[in-house]
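structure for this input, please:
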Amino acid sequence: MKKFVLLLTLVMLAVIGLQAQPYMITATNYASGFFGVVADENGQPLSVGSTIHLIWDAAGDGMDDPSTQAGSMGLPTDDDLLMGSGQIGVTGGAPSAGTFVLPGSAAEAGGWCYLRAFHAATPIQGSYYSESVSLYTIPAMASPTIYGIQFPAAMTKVLGDIAPVTVSLTPRNPPISIPAAGGNFRYTLELHNATTLPIAFDLWIDMVLPDGSVYGPIITRANLNLPGQTTLTRAMTQAIPAGAPAGLYLYRCHIGDQHAGQVLHEDAFPFQKLGTSSNQGWAANEIGWEVTGWEDNLSWLAIPEVFFLSAPYPNPFNPATQLQFGLPQSSEVRIDVYNILGSRVTTLLHKNLDAGYHTLTWDAGQIASGLYLVQMKAGGFIYTEKALLLK
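Here you go, the predicted structure:
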């Protein structure tokens with residue numbers, strides 16, 4: 001794999017109270033290919049002139065989404081601070097060396113640093129990017145070193161992309177350091193469906209180990225169905241065994257189609273293990289890596305503010321589709337299907353239901369193709385949605 005030269009120009013942070021100091025960043029192009037941007041979203045080497053940002057994660061809680069504001073596309077947001085930027089000089093390879101500015105407020109013992117690489121000289125909405133994570137230290141020397149600049153094999157994130165369902169991980173009391181004897185850390189996992197339709201997906205959690213390999217998934221929840229305009233929150237705890245190797249980890253949660261390897265959205269944060277004191281628990285069966293908190297309080301608890309019936313999903317469909325409806329109070333609900341002539345074809349539901357979000361499946365396997373009207377009566381209101389059956 002060819003090397004490219006990464007030039008990180010000095011960027012002085014004009015922030016009152018920060019005493020910026022220049023330091024060096026170095027990375028080595030190992031034959032394993034773990035270091036550096038390997039490819040763009042199409043599996044090709046990054047183009048000359050593609051932008052690199054060096055970012056300090058002041059809170060140690062993982063990368064925040066980059067800015068999508070006009071004129072500042074891709075710049076860090078929230079607690080993340082830009083320490084330097086540059087462009088790729090030669091396609092392929094790994095970062096060689098460059099200079100960045102460390103904020104004076106950075107912890108003396110070191111902290112978390114990221115490289116964010118864009119497949120564009122001037123990042124714009126819709127362009128692809130990827131992110132590394134590394135740990136820097138500040139020894140008693142003039143030029144501290146950052147090791148472990150590690151990118152995914154190909155770019156998968158899109159600047160400004162808004163997924164229909166998102167996941168966020170918020171660690172408690174970052175940055176996280178696990179002692180050699182093992183321990184655990186806590187975090188909040190939040191799922192949010194911004195659409196009005198229920199969305200089905202898989203959720204799985206894994207982690208990138210200090211050697212760059214992926215361990216897991218350590219927890220999988222398949223075929224989750226999140227109602228529209230609903231947020232699900234879980235207080236999670238992750239155990240780390242004594243046998244886990246020392247070094248930097250990246251803890252990741254993905255949602256999408258796990259079997260097909262398609263990711264709708266993902267989030268991650270780093271943690272460090274300070275040593276190892278045992279070989280127990282370091283095994284493929286995830287012994288010692290237990291995750292708890294997901295099964296607590298499985299009820300959705302969400303109550304809609306108004307009666308509603310969402311459009312069928314999928315639509316058109318063959319032969320089954322899902323209908324989501326909401327009740328702000330306990331009500332008698334009747335859902336009928338009519339053809340375009342106004343004749344009732346079938347009654348899908350007629351019963352009293354509690355307040356909340358509800359999902360109903362219509363299997364039209366014995367019904368001819370055509371356009372149908374799905375009508376819900378509840379709380380003195382009538383709601384109608386169109387459904388197209390194509391066989």
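
hmm, Thr51 is touching Pro123, no?
Yes: with contact defined as Cβ atoms under 8 Å, Thr51 counts as touching Pro123 (6.0 Å). Yep, even glycine has a C-beta here, placed from its N, CA and C like the rest.

what is in contact with those two at once?
Residues within reach of Thr51 and of Pro123 at once, by Cβ atoms under 8 Å, 6 or more residues apart in numbering, are Gly74.

ok, these two, which is more surrounded?
A side-by-side neighbour count of Thr51 and Pro123, using other Cβ atoms under 10 Å, places Pro123 first with 25 against 21.

stretch 161-180 spans what distance, first to last residue?
Chord length of stretch 161-180, first to last residue, is 39 Å (Cα to Cα, to the nearest Å).

any idea of the mean pLDDT for that stretch?
Stretch 161-180 comes out with an average pLDDT of 91.

from the chain's centre, how far out does that stretch sit?
9 Å (Cα atoms, centre = their mean, to the nearest Å).

and if you look at stretch 122-133?
Distance, stretch centre to chain centre, for stretch 122-133: 15 Å (Cα atoms, centre = their mean).

if we go by neighbour counts, what in that stretch is buried?
Within stretch 122-133, the residues that count as buried by 16 or more other Cβ atoms under 10 Å are Pro123, Ser127, Tyr128, Tyr129, Ser130, Glu131, Ser132, Val133.

could you do stretch 57-68 as well?
By 16+ other Cβ under 10 Å, the buried positions in stretch 57-68 come out as Asp57, Ala58, Gly60, Asp61, Gly62, Met63, Asp65, Pro66, Ser67, Thr68.

let's see which of those residues end up in strands.
Secondary structure assignment by DSSP state E places Asp57 of the buried residues of stretch 57-68 in strands.

and the buried residues of stretch 57-68 as a markdown table, adding distance to Leu189 and pLDDT?
Conversion of these to a markdown table gives the following (distance: Cβ to Cβ, whole Å; pLDDT from 0 to 100):
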| residue | distance to Leu189 | pLDDT |
| --- | --- | --- |
| Asp57 | 19 | 85 |
| Ala58 | 22 | 79 |
| Gly60 | 18 | 83 |
| Asp61 | 13 | 87 |
| Gly62 | 13 | 87 |
| Met63 | 17 | 86 |
| Asp65 | 17 | 88 |
| Pro66 | 22 | 92 |
| Ser67 | 25 | 91 |
| Thr68 | 24 | 87 |
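
can I get the buried residues of stretch 57-68 in a markdown table including distance to Leu82?
Formatted as a markdown table, these follow (distance: Cβ to Cβ, whole Å):
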| residue | distance to Leu82 |
| --- | --- |
| Asp57 | 12 |
| Ala58 | 11 |
| Gly60 | 17 |
| Asp61 | 17 |
| Gly62 | 16 |
| Met63 | 12 |
| Asp65 | 15 |
| Pro66 | 10 |
| Ser67 | 10 |
| Thr68 | 16 |
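
relative to Met155, which of the buried residues of stretch 57-68 is nearest.
Pro66 (13.2 Å; Cβ to Cβ).

the closest residue to Ser130 other than its chain neighbours in helix, strand or coil?
In space, and not counting its chain neighbours, Ser130 is closest to Met155: 4.5 Å by Cβ to Cβ, 6 or more residues apart in numbering. Of the three states, Met155 takes coil according to DSSP: H, G, I helix; E, B strand; the rest coil.

isn't Met155 up against Glu41?
Yes: assessed by Cβ under 8 Å, Met155 is found in contact with Glu41 at 4.5 Å.

what is in contact with the two at once?
Contact criterion Cβ under 8 Å, 6+ apart; residues shared by Met155 and Glu41: His119, Tyr128.

the more surrounded of these two?
Neighbour count, other Cβ under 10 Å: between Met155 and Glu41, Met155 has more, with 24 against 15.

report pLDDT for the more buried one.
Listed pLDDT for Met155 reads 78.

relative to Asp336, how far out is it?
Per Cβ to Cβ, to the nearest Å, Met155 is found 49 Å from Asp336.

residue ranges with poor pLDDT in the chain?
Low-confidence segments of the chain, defined by pLDDT under 70: 1-39, 45-46, 88-111, 135-153, 278-287, 295-303.

can you tell me the centre-most residue of it?
By Cα atoms, centre = their mean, the mean C-alpha position of the chain lies nearest to Glu266, the distance being 1.5 Å.

wait, doesn't that residue sit right on Tyr251?
No: the criterion here is Cβ under 8 Å, and Glu266 misses it with Tyr251 at 11.2 Å.

how near is Ile218 to Thr188?
Distance of Ile218 to Thr188, given as Cβ to Cβ: 18 Å.

sorry, wrong one. I was asking about Gly356.
The spacing between Gly356 and Thr188, counted by Cβ to Cβ, is 23 Å.

who has more neighbours, those two?
A count of neighbours by other Cβ under 10 Å puts Gly356 above the other of Gly356 and Thr188, at 18 against 14.

report the beta-bridge partners for the more buried one.
Taking DSSP bridges as the rule, Gly356 bridges to Leu327.

now do the same contact list for Asn352.
The neighbourhood of Asn352, defined by Cβ under 8 Å, 6+ apart, consists of Ser330, Ser331, Glu332, Val333.

format the buried residues of stretch 122-133 as JSON lines; extra columns: distance to Leu390.
Below are the buried residues of stretch 122-133 laid out as JSON lines (distance: Cβ to Cβ, whole Å):
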{"residue": "Pro123", "distance to Leu390": "41"}
{"residue": "Ser127", "distance to Leu390": "36"}
{"residue": "Tyr128", "distance to Leu390": "34"}
{"residue": "Tyr129", "distance to Leu390": "38"}
{"residue": "Ser130", "distance to Leu390": "39"}
{"residue": "Glu131", "distance to Leu390": "42"}
{"residue": "Ser132", "distance to Leu390": "46"}
{"residue": "Val133", "distance to Leu390": "46"}
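
got JSON lines for the residues you listed, with secondary structure and distance to Gly183 too?
JSON lines is the format used below for these (DSSP: H, G, I helix; E, B strand; the rest coil; distance: Cβ to Cβ, whole Å):
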{"residue": "Pro123", "secondary structure": "coil", "distance to Gly183": "38"}
{"residue": "Ser127", "secondary structure": "coil", "distance to Gly183": "40"}
{"residue": "Tyr128", "secondary structure": "strand", "distance to Gly183": "37"}
{"residue": "Tyr129", "secondary structure": "strand", "distance to Gly183": "33"}
{"residue": "Ser130", "secondary structure": "strand", "distance to Gly183": "30"}
{"residue": "Glu131", "secondary structure": "strand", "distance to Gly183": "26"}
{"residue": "Ser132", "secondary structure": "coil", "distance to Gly183": "26"}
{"residue": "Val133", "secondary structure": "coil", "distance to Gly183": "20"}
